[in-house]
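Undergrad: okay, sequence plus prediction incoming.
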Amino acid sequence: MMQNHPHDLEKHLLFARHPAAWKMIAPHVRIKTCHKEDAVLHHGDAASALWIVLSGWVKLARQTPDGKETITGLCTHGDVFGEAALFPHASYPYNADVLGHSAELASIPANIIRDAVGHDSALSATVMSLLNERTSQAQLKLEHMSTLSASQRLGCFLLRLCYMQAGGAKTLQIPVEKHVLAAYLGMKPETLSRSQQQLKPLGIAVSGAEIEIESIEKLRDFVCNSCSESGACDVEAAS
């Protein structure tokens, strides 16, 4: 289902400081409500739109011909994907599928976002910053695979969930299925289960999809002291 854009989309990081660019883009933005396992885009398709997640979760993944899947990203509220649309004649480098019950997504046609970037140097700088952040996140994830234990990688994900919720909520709902989370964190489901047990001494209790965190500070110390971004990561602000 497609509909006009919500009024507050103009407050998104991409547009908040660029009202002239937003005025140019706004008439072309469309909102799409997708449901669980709906395919938003396919690896190799022409990059026809830039996407913004308004609610819900989207999985970005690549798949080999023999069926092996690598999850390259989990996107939620405010996240941008389909950034290949910023470049002419580009193709999407991954599949994007909806997780959970549903997701609400905003799409901007590729030619519209490219025209806006071409006409507004400040918006171009914002887009370049976005791309740089995406590259930095990918590099950090690679680092974590070799420098953090499985339980630390899980702990980092939990800290990120805390940070995303106002006030640093200490009761969390795992928003994706456990096998998806395990794959995203680079481990098998049974390793994820063991990692949950290993976090218990830090005061973390798991009951199904619900997680209670007794002390975010203890979890932060356990995770962040082994990360090169320690002291410069927004996630450490969770409290």
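TA: Noted; the coordinates are in hand.

Undergrad: specify the local secondary structure of the residue in the chain sticking out farthest from the centre.
TA: Centroid-distance maximum for the chain: Pro201 at 28.6 Å, with CA atoms, centre = their mean. Classification of Pro201 using DSSP: H, G, I helix; E, B strand; the rest coil returns helix.

Undergrad: just the one 10 residues further on next, same as before
TA: Here Ile211 takes the strand state, with states given by three-state DSSP.

Undergrad: if I look at Tyr184, how far off is His12?
TA: In this view, Tyr184 and His12 are 24 Å apart by CB to CB, to the nearest Å. C-betas here are computed from N, CA, C, even on glycine.

Undergrad: out of those two, which sits in the busier spot?
TA: More crowded of Tyr184 and His12, by other CB atoms under 10 Å: Tyr184, with 20 against 14.

Undergrad: who's in contact with the more buried one?
TA: Taking CB atoms under 8 Å, 6 or more residues apart in numbering as the criterion, Tyr184 is in contact with 59, 71, 73-74, 157, 176.

Undergrad: Leu99 too?
TA: Going by CB under 8 Å, 6+ apart, the list of residues near Leu99 reads 36, 56-59, 74, 175-177, 180.

Undergrad: how about those in JSON lines, adding distance to Ser207 and pLDDT?
TA: Shown next, in JSON lines, are these (distance: CB to CB, whole Å; pLDDT from 0 to 100):
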{"residue": "Lys36", "distance to Ser207": "23", "pLDDT": "89"}
{"residue": "Gly56", "distance to Ser207": "23", "pLDDT": "94"}
{"residue": "Trp57", "distance to Ser207": "21", "pLDDT": "95"}
{"residue": "Val58", "distance to Ser207": "26", "pLDDT": "97"}
{"residue": "Lys59", "distance to Ser207": "24", "pLDDT": "97"}
{"residue": "Leu74", "distance to Ser207": "22", "pLDDT": "95"}
{"residue": "Pro175", "distance to Ser207": "16", "pLDDT": "87"}
{"residue": "Val176", "distance to Ser207": "17", "pLDDT": "90"}
{"residue": "Glu177", "distance to Ser207": "16", "pLDDT": "92"}
{"residue": "Val180", "distance to Ser207": "19", "pLDDT": "94"}
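
Undergrad: sec struct for the residue lying closest to Pro93 once chain neighbours are set aside, please.
TA: Nearest residue to Pro93 in three dimensions, chain neighbours excluded: Ala84, at 6.2 Å (CB to CB, 6 or more residues apart in numbering). State at Ala84, reduced to three classes by three-state DSSP: helix.

Undergrad: you'd agree Ala84 is up against Tyr92?
TA: Yes: using CB atoms under 8 Å as the test, Ala84 is close enough to Tyr92 to be in contact (5.4 Å).

Undergrad: what distance do you get for the residue nearest in space to the middle of the chain to Ala61?
TA: What sits nearest the mean C-alpha location of the chain, by CA atoms, centre = their mean, is Cys75, with 2.7 Å. Cys75 sits 11 Å away from Ala61, going by CB to CB.

Undergrad: coming back round to it: can you flag the buried ones in the contacts of Leu99?
TA: Among those, those buried by neighbour count (16 or more other CB atoms under 10 Å) are 56-59, 74, 175-176, 180.

Undergrad: which of the contacts of Leu99 lies closest to Ser121?
TA: Comparing the contacts of Leu99 against Ser121 with CB to CB places Val58 closest, at 30.0 Å.
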